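Trainee: please find the sequence and the predicted model below.
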Amino acid sequence: MKTHTLFDLTGRVAIVTGGNGGIGRGIAIGLAEAGAAVAILGRNDEKNQRVLGELRTIGTPAMALNVDVADRNGLEPAIQRVESELGSVSILINNAGTVSPGGGVLQESSEDWDRVIETQLNAVFLLSKLVAGSMVKQNRGKIINIGSLYSFFGSGFIPSYSAAKGAIIQLTKSMAIELAPHNIQVNAIAPGWIETDLTAPLRTLPLNDEIL
């Protein structure tokens, strides 16, 4: 049931990674209110089910998959299941994110670096690649990547996050150029500070007031 009056996404299928909370939850609900069928991918099944209930209340088709986007082996099966149950994907929101515990280059471990880059950057490339083929066949599609203010300036306390978000902008530009002939638009959004479960740990950092 479409409840949003500004635009109509009836018949479209959208995937929102990290759609079980924060920015992703808001996007998922907005897409559903515009009439889209929505699949959320998240690694916390309790939160997944809570948001799935909200989506079903709106009345459009919806599903939630317990997926960690940092696990490459789980990405293609997730896309296949969404397309099997809801139809060909026409909208992808790459929103899933994580941050390291904090600390600059001298403190951040290589394991934390790899985890952030895998979640914030590599998964965006891989998921976009997986859905782009279907979008090309439809001759339409939207891929929206969630960047950050740290896409544009550095950080002395979360270098992996800043590096990933900076790379997101260039990846977005590259995909936009490549996929434009197929009527696929690729854009990035760089939100300012928003209170979410992801950003909550950063509140405890010594330089928090200066950062904000």
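Mentor: Thanks, I have the structure now. Numbering: from 1, shown residues only.

Trainee: which of the residues in stretch 18-33 are classified as buried?
Mentor: Of the residues in stretch 18-33, those scored as buried under the neighbour-count criterion (16 or more other Cβ atoms under 10 Å) are 18-25, 27-33. From N, CA and C alone the C-beta is placed, and that goes for glycine too.

Trainee: for the residue nearest in space to the middle of the chain, give its distance to Ser155.
Mentor: The residue at the geometric middle of the chain, judged as the C-alpha nearest the mean C-alpha position with Cα atoms, centre = their mean, is Asn95 (1.6 Å). Taking Cβ to Cβ, to the nearest Å as the criterion, Asn95 is separated from Ser155 by 20 Å.

Trainee: quick one: the helices in the chain?
Mentor: With DSSP state H, the ranges of helices along the chain come out as 22-33, 45-58, 75-85, 110-117, 123-138, 159-179, 208-211.

Trainee: tell me the most buried of those?
Mentor: For the helices of the chain, the largest average neighbour count (mean count of other Cβ atoms under 10 Å) is found in helix 22-33, namely a mean of 22.

Trainee: from the contact counts, what lies against it?
Mentor: Using 3 or more Cβ pairs under 8 Å, 6 or more residues apart in numbering; DSSP states H and E as the contact test, the elements touching helix 22-33 are strand 13-17, strand 37-42, helix 45-58, strand 91-94.

Trainee: out of the ones you listed, flag the one nearest Gln170.
Mentor: Proximity to Gln170 (Cβ to Cβ) singles out strand 91-94 among these, at 14.2 Å.

Trainee: can you give the strand pairings for that closest one, parallel or anti for each?
Mentor: Strand partners for strand 91-94, identified by DSSP bridges, are recorded as strand 13-17 (parallel), strand 141-146 (parallel).

Trainee: from the chain's centre, how far out does that strand sit?
Mentor: 6 Å (Cα atoms, centre = their mean, to the nearest Å).

Trainee: contacts for that strand?
Mentor: For strand 91-94, the surrounding residues in contact (Cβ atoms under 8 Å, 6 or more residues apart in numbering) are 9, 12-17, 19, 24, 27-28, 31, 36, 123-124, 127-128, 131, 141-146.

Trainee: 6 Å instead?
Mentor: Strand 91-94 is touched from outside by Arg12, Ala14, Ile15, Val16, Thr17, Ile27, Val124, Val131, Lys142, Ile143, Ile144, Asn145, with contacts defined as Cβ atoms under 6 Å, 6 or more residues apart in numbering.
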